[in-house]
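Participant: Compute the structure for the input listed below.
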Amino acid sequence: MTGSAPTTTSDTAGAEAAKSVLERAFVTRESLGAGSGGLERQFGNTHPSAPDDVLSVTFAFTCTGGAKVALKIAVGDKDVPSAAGTQVCDGSIFQRSIDMSKPGPLGFSATVTGSEGGAYAYAYYAEKKQLP
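Facilitator: Okay, here's the model as predicted:
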């Protein structure tokens, strides 16, 4: 579609820049899933499941635009309170280790406070694996 709104272009560029931050920071880690986009009041993602040999996963999140994002993380539809936190959207990386001893979907939900004029990126990385 011709003539799309400028915010779409900046959201796309910002999301790609945020994604690049995570890719550079976790270059040696095996990615299990990732995504990016423009900030919205509420958003999230659910990854179907980690491979059976993955014992823990690193969840990484970054955002831009100056807002604050409250993050909740769940495994198998149960919140993991120790993994929750708040991230200021200044380009820094929020990272949490999540125990995967109980298999199931792995997901996060986010609530934005402040301007939605930024972008975000997230990724799930294999952290510890079971030895063969």
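Participant: what's stretch 21-31 in contact with?
Facilitator: The contact list for stretch 21-31, computed with Cβ atoms under 8 Å, 6 or more residues apart in numbering, reads 34, 58, 60, 62, 91, 93, 121-127. Placement of C-beta: from N, CA and C, glycine included.
Participant: centre of the chain versus that stretch, how much separation?
Facilitator: Counting by Cα atoms, centre = their mean, to the nearest Å, stretch 21-31 is centred 12 Å from the centre of its parent chain.
Participant: Roughly how far does residue 57 sit from residue 19?
Facilitator: Relative to residue 19, residue 57 is positioned 18 Å away (Cβ to Cβ, to the nearest Å).
Participant: So for the two, which residue has more residues nearby?
Facilitator: Neighbour comparison, residue 57 and residue 19: the larger count goes to residue 57, with 27 against 20 (by other Cβ atoms under 10 Å).
Participant: can you tell me the helix or strand for the residue most central in space within the chain?
Facilitator: Residue closest to the average C-alpha location in the chain (Cα atoms, centre = their mean): residue 122, at 2.4 Å. Using DSSP states H and E, residue 122 sits in strand 119-129.
Participant: can you check residue 86 too?
Facilitator: Assigned by DSSP H and E, residue 86 belongs to strand 85-88.
Participant: Residue 93: neighbouring residues, count only.
Facilitator: For residue 93, the count of nearby residues is 16 (other Cβ under 10 Å).
Participant: residues contacting residue 131?
Facilitator: Applying Cβ under 8 Å, 6+ apart, we find residue 131 in contact with no residue.
Participant: quick one: contacts for residue 49?
Facilitator: Residue 49 makes contact with 103, 104, 105, 106, according to Cβ under 8 Å, 6+ apart.
Participant: That one - that's part of a strand, no?
Facilitator: No. Read with DSSP: H, G, I helix; E, B strand; the rest coil, residue 49 is coil and lies in no strand.
Participant: buried stuff in stretch 91-103?
Facilitator: Buried residues in stretch 91-103, counting neighbours by 16 or more other Cβ atoms under 10 Å, are found at 93, 94, 95, 96, 98, 100.
Participant: What of stretch 115-130?
Facilitator: Buried residues in stretch 115-130, counted by 16+ other Cβ under 10 Å: 117, 118, 119, 120, 121, 122, 123, 124, 125, 126, 127.
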